[in-house]
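Peer 1: this one's sequence-less:
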Ligand code: NAD
Ligand code: GLY
């Protein structure tokens, strides 16, 4: 088992990474500090892992809420359902919420924990690769509003994260690749040595080699933990974790969040950010080819979806959360392993990049 610490003073917490964590009753019980425990999961994950996990909770007063699968579960309605459950069962302020699921369940449960009685403890048991390397770490919690994704939320850190790699065995290939897009992101933004390692090991990751996966998760979590420790509330540095996200969100919005997974849109967005960096004379062009090759090896898209048009992309990018006072800041690359946050680019270069990637 590997441990990565997220260093946030009295809100610090460990991320455990291993392949038998869900069977480790002692470790799990050590971190459950209350006898009132609510496990939140969904209809896909419950039949696979819920009994295995709750076997460790037998002598506690635990309940479960099983929600429908899908992004639409990250809603105020689901939040209300979880809060109502807590109130009906008279959960007090010392209770613990446990998120057993991907980013959807993690974000929703974390936000419920942030809201209930002004904040209770919660534990993340991420079951997708994306959640293990990104969404379960760092305390961003949220639900969606019909007018915008993640628009209602809070920063609320978990007390522990259990990233069990054996859980990934049931994850569909497409979801695995979407998670790998976020893994590649860490190499691109601040860890060149890791990017080189990814180029060497991409087939092992694709084939779910446990050693390769656990190394990639550990290295990703180390990178994320360092960034979060320095800038928990995204007043500056943390924005680099959004490499490719302004392009990616514009694609997702144009596709009404259908067709592509989040990680797929981010993959294409990272390639576009690299392309723009080359057009601006920041990055050497050979690096765009390196990124494209890596993404293609795991079947991630390297062209924008054919239904997306230039004017839609530009319009959607301008309303991005990183747009401040009418100025759109982008995360670009000076080199592999070095991201910069900048508004120093031309509309012309941006349009050229988008046109180049439109199918
Ligand atoms: P998800 O939670 O929808 O999970 C993807 C799919 O995989 C779902 O159908 C789920 O039921 C299924 N699944 C999960 N674990 C499984 C397993 N072990 N075996 C088989 N199937 C499994 O999606 P996601 O990609 O994990 O997360 C996406 C969400 O995360 C989005 O809402 C996004 O906004 C959010 N997010 C949050 C942060 C953050 O910092 N909080 C960061 C990135 C993304
Ligand atoms: N996923 C981006 C962040 O956690 O800041």
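Peer 2: Now that the structure is in, tell me what you want to look at. Here the structure is a predicted model, which means the values were calculated and not measured. Residues are numbered from 1 along each chain as shown. Ligands and ions are numbered 1, 2, ... in the order given.
Peer 1: Could you check the pLDDT of the closest residue to residue 138 other than its chain neighbours?
Peer 2: With C-beta to C-beta, 6 or more residues apart in numbering as the criterion, residue 138 has its nearest non-adjacent residue at 4.3 Å, and that residue is residue 228. Any C-beta I mention is one placed from the backbone N, CA and C, and that applies to glycine too. Looking at residue 228, its pLDDT is 98.
Peer 1: which ones are touching residue 228?
Peer 2: Residue 228 makes contact with 6, 8, 137-139, 238 under the criterion C-beta atoms under 8 Å, 6 or more residues apart in numbering.
Peer 1: Repeat that for residue 144.
Peer 2: By C-beta under 8 Å, 6+ apart, residue 144 lies in contact with 71-72, 74-75, 150-152.
Peer 1: Check which helix or strand it maps to.
Peer 2: Using DSSP states H and E, residue 144 sits in strand 140-145.
Peer 1: so what strands line up beside that strand?
Peer 2: Sheet pairing of strand 140-145 (DSSP bridges) gives strand 148-155 (antiparallel).
Peer 1: where's residue 32, which helix or strand?
Peer 2: Going by DSSP H and E, residue 32 is not part of any helix or strand.
Peer 1: for the residue nearest to it when sequence neighbours are not counted, which residues make a bridge with it?
Peer 2: Once flanking residues are discounted, residue 32 sits nearest to residue 96: 5.8 Å by C-beta to C-beta, 6+ apart. In this entry, residue 96 is beta-bridged to residue 37, residue 121, by DSSP bridges.
Peer 1: After the helix or strand of the chain with the lowest mean pLDDT, which helix or strand is next?
Peer 2: The helix or strand of the chain with the poorest confidence is strand 323-324; it has a mean of 66 (mean pLDDT, DSSP states H and E). Heading C-terminal from strand 323-324, the first helix or strand you meet, by DSSP H and E, is strand 327-328.
Peer 1: Tell me the gap between that following strand and the middle of its chain.
Peer 2: Put simply, strand 327-328 sits 24 Å off its chain's centre (C-alpha atoms, centre = their mean, to the nearest Å).
Peer 1: Would you give the sheet partners of whichever helix or strand comes after it, along with the direction of each?
Peer 2: Next helix or strand after strand 327-328 toward the C-terminus (DSSP H and E): strand 330-335. Sheet pairing for strand 330-335, assigned by DSSP bridges, gives strand 338-342 (antiparallel).
Peer 1: Next, the buried residues of the strand it pairs with.
Peer 2: 338-341 (16 or more other C-beta atoms under 10 Å).
Peer 1: That strand: what's the following helix or strand?
Peer 2: Next element after strand 338-342 (DSSP H and E): helix 347-357.
Peer 1: mean confidence for that next one?
Peer 2: Helix 347-357 comes out with an average pLDDT of 96.
Peer 1: other SSEs contacting that helix?
Peer 2: Helices and strands touching helix 347-357, by 3 or more C-beta pairs under 8 Å, 6 or more residues apart in numbering; DSSP states H and E, are helix 262-279, helix 310-318.
Peer 1: is the longest helix along the chain anywhere near ligand 2?
Peer 2: Looking across the chain with DSSP state H, the single longest helix is helix 210-230. No - under the criterion of C-beta under 6 Å from any ligand atom, helix 210-230 makes no contact with ligand 2; the nearest approach is 6.9 Å.
Peer 1: what's in contact with whichever helix or strand comes after that helix?
Peer 2: Scanning forward in sequence from helix 210-230 by DSSP H and E, the next helix or strand is helix 245-254. Helix 245-254 is contacted from outside by 149, 260, 262, 265-270, 272-273, 304-305, 307-309, 312-314, 316-317, 320, 322, 328, 330-331, 354, using C-beta under 8 Å, 6+ apart.
Peer 1: Which neighbouring residues are in contact with whichever residue of the stretch 251-359 of the chain sits closest to ligand 2, exactly?
Peer 2: Distances between the stretch 251-359 of the chain and ligand 2 by C-beta to the nearest ligand atom are smallest at residue 266, namely 9.5 Å. With contact set as C-beta under 8 Å, 6+ apart, residue 266 has these partners: 181-182, 185, 244-245, 248.
Peer 1: ok, now how distant is it from ligand 1?
Peer 2: Between residue 266 and ligand 1 the distance is 9 Å, computed by C-beta to the nearest ligand atom, to the nearest Å.
Peer 1: just residue 170 next, same as before
Peer 2: For residue 170, the distance to ligand 1 equals 4 Å [C-beta to the nearest ligand atom].
Peer 1: cool, and residue 306?
Peer 2: In this view, residue 306 and ligand 1 are 23 Å apart by C-beta to the nearest ligand atom.
Peer 1: give me every residue that touches that residue.
Peer 2: residue 359 are the contacts of residue 306 under C-beta under 8 Å, 6+ apart.
Peer 1: Let me know the secondary structure of it.
Peer 2: Under DSSP: H, G, I helix; E, B strand; the rest coil, the three-state class of residue 306 is coil.
Peer 1: give me phi/psi at it?
Peer 2: The phi/psi pair for residue 306 (degrees, to the nearest 10) reads phi -60, psi -20.
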